[in-house]
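Participant: Predicted coordinates and the sequence they were generated for:
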Amino acid sequence: MSATLVMVVVATLLVCVLALLAQRARKSRSAEITLVVSVSFLSFLVAAVGLVSGLGLLATAASGEAPIGRGPLAAAGVGLLAVGVAGIALCVPPLRKLAGRPPRRAFWADPPVFLALWLSLVVLANNAVSFLIFVRTPEVGELFPTGRLTPGAVLMSQLPFLAVALAGVGLGVSRNFRDTLSRLGYGGISPRQLGVVVLFVISAFVLSLSADALFRLLQPELYRQVGEISDQLFNTRGLTPVSVLLFGLLVGVGAGLGEETLFRGAVQPVLGIVPTSVLFASMHVQYGPSLLLGYVFLLSVGLGLLRKRINTTASFLAHAGYNTLGIILPYFFGV
């Protein structure tokens with residue numbers, strides 16, 4: 001088992017345990033105390049690591065040494081310190097509640113909401129550092145897996161999203177499977193609603209062509225780098241037409257199921273469409289600090305509206321259809 005896979009499994013298990021604990025904390029004071037103490041400890045730990053990293057870099061700089069990548073390392077240290085301090089601040093409302101002095105708005109002290117905000121903060125900070133590393137790395141292709149995406153790679157990237165979403169809404173703790181699907185927004189859609197999904201996919205694909213052209217015009221060097229990364233991950237050279245269709249469905253259904261279940265199904269009802277879309281866009285580190293992030297944000301807002309106006313089934317079908325078209329259209333039509 002590779003080190004990356006081990007880290008993914010450990011991180012996923014930790015988040016799932018915290019998420020289930022947060023659901024339990026709504027009815028159990030001991031679970032609530034355990035959650036708040038655990039998150040407070042993790043926040044202090046993150047802040048301490050950031051502080052030590054920063055002091056270590058200052059000591060290295062004072063000795064006259066200039067380690068490679070000092071800029072990103074310094075940013076990571078500052079980011080960790082900031083996340084730790086902000087995480088501690090997020091712990092204040094639930095701590096006040098436990099002390100018998102609840103905040104004016106119960107929203108901030110509600111255990112699942114509190115955990116969702118803390119995790120969002122951690123993810124955003126991590127992604128911000130990743131973007132900085134992207135900018136400071138001469139050959140950014142080295143930061144990403146080489147070769148076409150495999151079923152194993154898709155599963156490793158999307159199953160954690162699905163697991164966290166299910167745990168986050170309390171599957172097995174506060175909800176049974178049917179109630180969990182309902183909370184995540186999955187349900188049937190009518191033929192008319194399916195037509196809306198098809199129209200959304202077509203519109204999103206047309207808009208993506210415009211965003212791509214603008215990206216190529218305004219950021220040509222970054223466009224080249226991002227294009228090389230995308231070509232590595234999604235290239236269909238050497239595949240038969242049937243294999244291309246299967247590959248497109250793998251990428252489309254895999255990403256659609258994992259990301260829509262987590263972001264639109266679990267997170268959006270708590271944070272809202274815009275904050276969820278900021279979080280969603282930040283996950284697309286492979287695009288770097290490019291104009292495409294703005295497009296991904298707009299696409300996420302559209303998916304969020306589908307979730308709000310119809311359900312998560314609609315946003316999943318739209319996401320899966322869009323991703324699948326992005327694979328098969330260039331192969332068959334050179335789009």
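Facilitator: Looks like it arrived, so ask away. Numbering: from 1, shown residues only.
Participant: In this protein, which residue is most central in space?
Facilitator: By C-alpha atoms, centre = their mean, the chain has its centre lying nearest to Met283, at 4.4 Å.
Participant: low-confidence ranges in this protein?
Facilitator: The model of the chain has pLDDT under 70 over residues 1, 54, 56-75, 138-143, 145-146, 334-335.
Participant: I'd say the residue nearest to the centre of the chain and Asn127 touch.
Facilitator: Yes. Met283 lies in contact with Asn127 (C-beta atoms under 8 Å); the separation is 6.5 Å. Bear in mind the C-beta positions are built from the backbone N, C-alpha and C, glycine included.
Participant: Can you name the residues that contact the residue nearest to the centre of the chain?
Facilitator: Counting by C-beta atoms under 8 Å, 6 or more residues apart in numbering, Met283 touches 123, 127, 259.
Participant: could you flag which of the residues you listed are buried?
Facilitator: Among those, the ones that count as buried by 16 or more other C-beta atoms under 10 Å are 127, 259.
Participant: can you list the contacts of Met283 in CSV and add distance to Arg136?
Facilitator: Shown next, in CSV, are the contacts of Met283 (distance: C-beta to C-beta, whole Å):
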residue, distance to Arg136
Val123, 21
Asn127, 15
Glu259, 27
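Participant: out of the contacts of Met283, which are inside helices?
Facilitator: Residues of the contacts of Met283 located in helices (DSSP state H): 123, 127, 259.
Participant: related to what we said a few turns ago, separation between the residue nearest to the centre of the chain and Val267?
Facilitator: Distance, Met283 to Val267, by C-beta to C-beta, to the nearest Å: 12 Å.
Participant: The stretch 151-300 of the chain: helices as residue ranges?
Facilitator: Here the stretch 151-300 of the chain has its helices, by DSSP state H, counting those that start in this stretch, at 151-168, 177-184, 191-218, 220-234, 241-259, 268-271, 273-282, 292-309.
Participant: CA atoms of the second one as CSV?
Facilitator: Looking back up the chat, that one is helix 177-184. Extracted C-alpha coordinates of helix 177-184, given in CSV (Å, rounded to 0.1, in the frame of the first residue of the first chain):
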residue,chain,number,x,y,z
PHE,A,177,-30.3,4.7,4.6
ARG,A,178,-33.6,6.1,3.2
ASP,A,179,-33.4,9.2,5.4
THR,A,180,-29.8,9.7,4.5
LEU,A,181,-30.6,9.7,0.7
SER,A,182,-33.4,12.2,1.4
ARG,A,183,-31.0,14.5,3.4
LEU,A,184,-28.5,14.3,0.6
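Participant: In contact with Arg307, which residues?
Facilitator: Contacts of Arg307 (C-beta under 8 Å, 6+ apart): 185, 260, 264-265, 268, 314-315.
Participant: what about 7 Å?
Facilitator: The contact partners of Arg307, taken as C-beta atoms under 7 Å, 6 or more residues apart in numbering, are 185, 264, 268, 315.
Participant: cool, and Gly254?
Facilitator: Gly254 neighbours (C-beta under 7 Å, 6+ apart): 154, 158.
Participant: ok, 8 Å please
Facilitator: With C-beta under 8 Å, 6+ apart, Gly254 has these contacts: 154-155, 157-158.
Participant: you'd agree Phe205 is up against Leu325?
Facilitator: Yes. Assessed by C-beta under 8 Å, Phe205 is found in contact with Leu325 at 5.8 Å.
Participant: who's more crowded, these two?
Facilitator: For Phe205 versus Leu325, the count of surrounding residues by other C-beta atoms under 10 Å is larger for Leu325: 18 against 15.
Participant: That one and Gly195, how far apart?
Facilitator: Where Gly195 is concerned, Leu325 sits at a distance of 16 Å (C-beta to C-beta).
Participant: Ok, Pro151 next?
Facilitator: Distance from Pro151 to Gly195, by C-beta to C-beta: 31 Å.
Participant: Identify, from the contacts of Met283, the entry nearest to Glu228.
Facilitator: Each of those was checked against Glu228 using C-beta to C-beta; the closest is Asn127, at 20.8 Å.
Participant: Does that closest one touch Val285 like I think?
Facilitator: Yes. Using C-beta under 8 Å, Asn127 makes contact with Val285 at a distance of 6.1 Å.
Participant: Pull out the buried positions in stretch 217-235.
Facilitator: Under the neighbour-count criterion of 16+ other C-beta under 10 Å, stretch 217-235 has 219, 222-223, 225-226, 229, 232-235 buried.
Participant: Distance to Ala213 for these - can I get that in TSV?
Facilitator: Below are these laid out as TSV (distance: C-beta to C-beta, whole Å):
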residue	distance to Ala213
Gln219	12
Leu222	14
Tyr223	10
Gln225	17
Val226	14
Ile229	19
Gln232	22
Leu233	21
Phe234	19
Asn235	21
